[in-house]
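A.B. asks: need a structure here:
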Amino acid sequence: MTLQEIHVGDVVRVDDDPKPYRVDGRTRDGILTLESLHAYPRVVWDGVYEFRVTKSRTFQ
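C.D. replies: Numbering: from 1, shown residues only. From the prediction side, this is the model:
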């Protein structure tokens, strides 16, 4: 497994979960804030480490 560059605005999956999330923020330490694309109202997931996510092939 190689690490990918994750940027704000990328659509990612966490731990191979099929639900997509958009990267809403990123710290220097590699901690992400994710916004769900599958939930209403808006759901935010804060404190996700960058090594747990992979870019979604569907949204590339």
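A.B. asks: contacting residues around stretch 51-60?
C.D. replies: Around stretch 51-60, the neighbours that count as contacts under Cβ atoms under 8 Å, 6 or more residues apart in numbering are 3-4, 6, 10-16, 20-21, 23, 30, 32, 34. Every residue, glycine included, has its C-beta placed from N, CA and C.
A.B. asks: Name the residues of it that are buried.
C.D. replies: Neighbour-count burial for stretch 51-60 flags 53, 55-56 (criterion: 16 or more other Cβ atoms under 10 Å).
A.B. asks: Can you tell me which one of these sits lowest on pLDDT?
C.D. replies: Ranked by pLDDT, the buried residues of stretch 51-60 bottom out at residue 56, which has 86.
A.B. asks: Leaving out sequence neighbours, find the closest residue to that one.
C.D. replies: Spatial nearest neighbour of residue 56, excluding adjacent residues (Cβ to Cβ, 6 or more residues apart in numbering): residue 11 at 4.6 Å.
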